[in-house]
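In: 3D, please:
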Amino acid sequence: MRVFFFDLDGTLLDTLGDIGNACNTILARHGYPIHPLADYRRFVGRGFDKLVRDTLPAAAELEAPALAQLVEETRQHYGRHMYDTTRPYAGILPALETLAAKGCPLAVLSNKPEEHTVELVKRYFPSIPFALVRGGRKNVPLKPEPHALLDMAETMHTSVARVLYVGDSDVDVQTARNAGTTSVGVAWGFRGPAELRAAGADHIIDTPSQLIELTVEI
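Out: Take a look at the predicted model:
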């Protein structure tokens, strides 16, 4: 069977409100302008450090220790509020259950900090037998670098040729390409189908149920 690796934010879970609210809370606390939640569709995807940096005004010139403190403050606030509005996308849970029942190995690979990634997956998908759940870790390059994906495939004793990497952004498409796997773009996510087409996604799907059709596609 095909092996499915999933991005998390914008793919399995709609986390935009909790991410945006956490960032806006800390920005306001430090006297910086806040952003409409819709703007966070463009900010997310390349790791928590870059997320926080990109929300700061262009004129903000923080020394490295001050920026690190701001990132950590935002990270801690998000960790306390990451269940406020977050929900699985409609149809995701049944699709995952069907894939698991068909015997497809499943895994999650996100740029979100690993502790948050693991907690969210446990909270919202307790019945899904993910073989691995990985997030952003120190000393491991973030997506679109392929290192984490390749390491996961090796750990799961699967060929990258069998892997479908499912995500909502150009970062996910690039990650799949860099790793030599097949990319599946989800049109319901943060970025939309136009970005996925421009990035050259191998497949673009409109609903989670379409994942089932890909289990037999070679």
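In: now the helices for this protein?
Out: Applying DSSP state H to the chain gives helices spanning 16-29, 40-43, 48-55, 64-81, 92-101, 114-124, 147-155, 170-179, 193-199.
In: go through the first one and flag the buried ones.
Out: The neighbour-count check on helix 16-29 (16 or more other CB atoms under 10 Å) flags 16, 18-24, 26-27 as buried. (C-beta placed from N, C-alpha, C; glycine too.)
In: which residue sits closest to C104 in space, ignoring its chain neighbours?
Out: Of all residues beyond its chain neighbours, the one nearest C104 is M1 (4.5 Å), with distances taken as CB to CB, 6 or more residues apart in numbering.
In: which residues touch that neighbour?
Out: Taking CB atoms under 8 Å, 6 or more residues apart in numbering as the criterion, M1 is in contact with 102-105, 215.
In: for it, report the pLDDT, please.
Out: At M1 the predicted local distance difference test score is 79.
In: re earlier: who wins for most neighbours among the contacts of M1?
Out: Comparing these by number of neighbours (other CB atoms under 10 Å), P105 comes first, having 21 neighbours.
In: show me what the nearest residue to that residue once chain neighbours are set aside is bridged to.
Out: By the measure of CB to CB, 6+ apart, the closest residue to P105 outside its immediate chain neighbours is V3, 4.7 Å from it. Residues in a beta bridge with V3, per DSSP bridges, are V163.
In: give me every residue that touches the nearest residue to G185 once chain neighbours are set aside.
Out: Distances taken as CB to CB, 6+ apart put L196 closest to G185, at 3.2 Å, once the chain neighbours are dropped. L196 makes contact with 168-170, 173, 185-187, 204, according to CB under 8 Å, 6+ apart.
In: go again using 7 Å as the cut-off
Out: Contacts here follow CB atoms under 7 Å, 6 or more residues apart in numbering; on that basis L196 touches 173, 185, 204.
In: going by distance to L164, which of those wins?
Out: For the contacts of L196, the minimum distance to L164 (CB to CB) is 10.9 Å, reached by G185.
In: neighbouring contacts of the longest strand seen in the chain?
Out: Using DSSP state E, we find that the single longest strand of the chain is strand 106-113. The set of residues that contact strand 106-113 without belonging to it, under CB under 7 Å, 6+ apart, is 4-9, 45-48, 75, 96, 99-100, 117, 121, 128-136, 142-143, 148-149, 152, 156.
In: which among those residues end up buried?
Out: Buried subset of these (neighbour count, 16+ other CB under 10 Å): 4-9, 45-48, 75, 96, 99-100, 117, 121, 128, 130, 132-136, 142-143, 148-149, 152, 156.
In: distance of D206 relative to A100?
Out: With distances defined as CB to CB, to the nearest Å, the gap from D206 to A100 amounts to 22 Å.
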